[in-house]
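Novice: no sequence on hand, only this structure:
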């Protein structure tokens, strides 16, 4: 068998049904193997960054490992952003890149770049394969490392002559990785300590993140929340891990989270952090974050526990197991009587009623939040599953605030890296993973223009998505910071909504295009886009001056939140 | 802030050392010295690292290093429980007339003459890092032309008892 065929056989044996990529010189033999036949569907992207984000979207929608394929040099460097994105958000990703021939490595050959070197800080591990006999082991290990422990990206860089070499292919049953031993068990004593702390807490709050989704531990989280009547806040990355409509879900905390979620953390006496990493966009000023709380921190990654915030009770291990066992322990202790949390729950409920997300509707101009609310209501009326993706910026925060996600893996966004342009390719990848679902990308006009060439991929690969562009003609979040913190010096943020014409651009890419200029046009356009039978772009021309509130300025304490004009101040 | 010695067992594979050193620069930790070489097993190398950091950072370094696929074990070598040695080569400017004096001095300090030139000589010194520093001070007045140190290497003392080196525990 040739090395190139071995790559495809490995993908098949790993259960990969779709891979995303673009051919080029150093990966040509592998694309020739694709032509020879494989059960893996190859989706041809228009830019390797698009391929990488598609693989991420595929992984996040399906829970499986995403695969992106690219050539050497610029193919590999174009994958760097998705790899970094997957690294920050713990998305399992196997990137396969071609490399120049072994004899040319190190000579600055055409399209030669040190792909393993460039990506070293942003992969869990990488392999440069220069001997075809090492290829099956490298691929087997790559998938194993990507999906075990804290998930994340890996890179397999395969020299062109290795792809062309002939050998006896045997796919190893076991991986030979003596240094890779992610935790498989949870310390029972730590769990008991955690359960005891929960039993005596008067103001407990669960703080759940994306790790719950990655660990496929949503049902276990819900069992814990239900059995102990624990209120919860759920981060941007965790959205969907506990149903948004669950009465104990208080939504997202952080810079643009709700005031009630932030105060819940601020006034808690016990924070039960689950699969989350105390990101600065959540904590704000660290010394003022949950100042009166003890912390239980459950995570698969020991290095996250105690990294930012000291954890009085660290629980390291797989969350599915940890949460199930913790729920059991809590139930046993609760039988002996637990602290009365009813006043705390009443308090949270009062805050939720008093401080909802709010914006002022206008007759003259379409508010972007109104578009998100219309999308939310439209999705609620549908029978099929809706999967949302977003870019990064104001539209992303409004999506977080207003969308209702009751199912895991229904909200796919770039959290840690904050990659503008993530939304469209991620949506295409999600559609490839879940063809039965309606996939909607809520995008900004700035984000859209970074990766909109992938609409060609969506059209030609028959992976229909709906892209709703909240088009305010600006790099809106940057504009917001310039208005609030840079004395309204709007430096280089005005994109205008004169160019491009998004509806025409959509048509040029074989997609349906819609333009919405007022709120009463919204419903028809969205309905048209959802039923277009092909990909659709809805250009929603909205208020360029609308800002995203509430907002905790970077580095400020959650209690120093800035509310939308007319909003109620902080409670005493 | 204090200086800690970490002993790292590492798979002897291409790029493994780069991954460790990259992690230090990436996370903003300062490596004081780093010595790497073969061990009793041909497939395993041992790194001895000296780092300046506080206890919190030390814990982070150990945990982050443990996530590297090529890292097998990370152990802190505590000064009272380990043997630490370092080798230095020191070239000292010395005129012929002062040579006997310097040779006598170096012999008393336990150094060996490695090479003698017309106006300079090179000493090799193997010993505890504090002895090495004392020797360096001793010859400094003569004029040190060039100096190279290996960085310290260390092992836990068998006489320290207990169950041997306690690896940082990944629960």
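Specialist: Looks like it arrived, so ask away. What you see is a predicted model, and the numbers here were worked out from it, not measured in a lab.
Novice: got the residues of chain B near chain A?
Specialist: By the rule C-beta under 8 Å from any C-beta of the partner chain, the part of chain B lying against chain A is B:11, B:14-15, B:18-19, B:22-23, B:26, B:56, B:59-60, B:63-64, B:66-72, B:170-171. Any C-beta I mention is one placed from the backbone N, CA and C, and that applies to glycine too.
Novice: please name the nearest non-neighbouring residue to whichever residue of the stretch 101-250 of chain A sits closest to chain B.
Specialist: Nearest residue of the stretch 101-250 of chain A to chain B (C-beta to the nearest C-beta) works out as residue A:125 at 4.1 Å. Residue nearest to residue A:125 in three dimensions, not counting chain neighbours: residue B:69, with 4.1 Å by C-beta to C-beta, 6 or more residues apart in numbering or on different chains.
Novice: tell me how far that neighbour lies from residue A:227.
Specialist: Distance of residue B:69 to residue A:227, given as C-beta to C-beta, to the nearest Å: 38 Å.
Novice: do the same with residue A:319
Specialist: Look at residue A:319 and residue A:227: by C-beta to C-beta, they are 16 Å apart.
Novice: neighbour-wise, which of those two wins?
Specialist: Using other C-beta atoms under 10 Å in any protein chain shown, the more surrounded residue of residue A:319 and residue A:227 is residue A:319, with 27 against 14.
Novice: would you list the phi and psi of the more buried one?
Specialist: With angles defined as degrees, to the nearest 10, residue A:319 sits at phi -70, psi -30.
Novice: before we move on, what SS does residue B:85 have?
Specialist: Of the three states, residue B:85 takes strand under DSSP: H, G, I helix; E, B strand; the rest coil.
Novice: report the contact partners of it.
Specialist: Counting by C-beta atoms under 8 Å, 6 or more residues apart in numbering or on different chains, residue B:85 makes contact with B:126-129, B:152-154.
Novice: which among the residues you listed end up buried?
Specialist: Buried subset of the contacts of residue B:85 (neighbour count, 16 or more other C-beta atoms under 10 Å in any protein chain shown): B:127, B:129, B:152-154.
Novice: can you redo those as TSV with pLDDT and secondary structure?
Specialist: Formatted as TSV, those follow (pLDDT from 0 to 100; DSSP: H, G, I helix; E, B strand; the rest coil):
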residue	pLDDT	secondary structure
B:127	96	strand
B:129	92	helix
B:152	92	coil
B:153	94	strand
B:154	93	strand
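Novice: count the neighbours of residue 69 for me.
Specialist: Answering for chain A, as no chain was given. 31.
Novice: ah, no, chain B please
Specialist: Neighbourhood size, residue B:69 [other C-beta under 10 Å]: 23.
Novice: ok, the one 3 residues further on next?
Specialist: The tally of other residues near residue B:72 (other C-beta under 10 Å) stands at 20.
Novice: do the one 4 residues further on as well
Specialist: Residues within reach of residue B:76, counting by other C-beta under 10 Å, total 19.
Novice: residue contacts, it?
Specialist: Neighbouring residues of residue B:76 by C-beta under 8 Å, 6+ apart: B:4-7, B:58, B:62, B:168.
Novice: quick one: average pLDDT of the helix or strand containing it?
Specialist: If you go by DSSP states H and E, residue B:76 is part of strand B:71-77. In this model, strand B:71-77 carries a mean pLDDT of 95.
Novice: give me the sheet partners of it and which way each runs.
Specialist: According to DSSP bridges, strand B:71-77 forms sheet pairs with strand B:2-11 (antiparallel).
Novice: what comes up buried for the partner strand?
Specialist: Buried-residue list, strand B:2-11, by 16+ other C-beta under 10 Å: B:4-11.
Novice: can you redo the residues you listed as a markdown table with pLDDT?
Specialist: Listed next are these as a markdown table, based on pLDDT from 0 to 100:
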| residue | pLDDT |
| --- | --- |
| B:4 | 94 |
| B:5 | 95 |
| B:6 | 95 |
| B:7 | 96 |
| B:8 | 96 |
| B:9 | 96 |
| B:10 | 96 |
| B:11 | 97 |
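Novice: which non-adjacent residue is nearest the residue of chain A most remote from its centre?
Specialist: Centroid-distance maximum for chain A: residue A:336 at 40.3 Å, with C-alpha atoms, centre = their mean. Excluding the flanking residues, the one nearest residue A:336 by C-beta to C-beta, 6+ apart is residue A:199, at 7.9 Å.
Novice: what pLDDT does the nearest residue to residue A:231 once chain neighbours are set aside get?
Specialist: Leaving aside its chain neighbours, residue A:231 sits nearest to residue A:248 (4.9 Å; criterion: C-beta to C-beta, 6+ apart). Note on residue A:248: pLDDT of 98.
Novice: try residue B:168
Specialist: Looking at residue B:168, its pLDDT reads 45.
Novice: contacts for the strand or helix carrying residue A:468?
Specialist: In this assignment (DSSP H and E), residue A:468 forms part of strand A:466-471. Applying C-beta under 8 Å, 6+ apart, the external contacts of strand A:466-471 come out as A:368, A:371-372, A:375, A:394-395, A:398, A:423-424, A:427, A:438-445, A:448, A:455, A:476, A:497, A:502, A:506, A:526, A:529-530, A:532, A:535-542.
Novice: for whichever helix or strand comes after it, which helices and strands make contact with it?
Specialist: Counting by DSSP H and E, the next helix or strand C-terminal to strand A:466-471 is helix A:476-485. Other helices and strands packing on helix A:476-485, by 3 or more C-beta pairs under 8 Å, 6 or more residues apart in numbering or on different chains; DSSP states H and E, are helix A:394-402.
Novice: so for the helix it packs on, mean pLDDT?
Specialist: For helix A:394-402, the per-residue pLDDT averages 98.
Novice: list the buried ones in that helix?
Specialist: So, applying 16+ other C-beta under 10 Å, buried residues of helix A:394-402: A:394-402.
Novice: any chance of those in TSV, with distance to chain B too?
Specialist: Below are those laid out as TSV (distance: C-beta to the nearest C-beta, whole Å):
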residue	distance to chain B
A:394	31
A:395	31
A:396	27
A:397	29
A:398	34
A:399	32
A:400	29
A:401	33
A:402	37
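Novice: quick one on the thing from earlier: how many residues are close by the residue nearest to residue A:231?
Specialist: Neighbour tally, residue A:248, other C-beta under 10 Å: 18.
Novice: one more: residue B:108?
Specialist: Residues contacting residue B:108 under the criterion other C-beta under 10 Å number 9.
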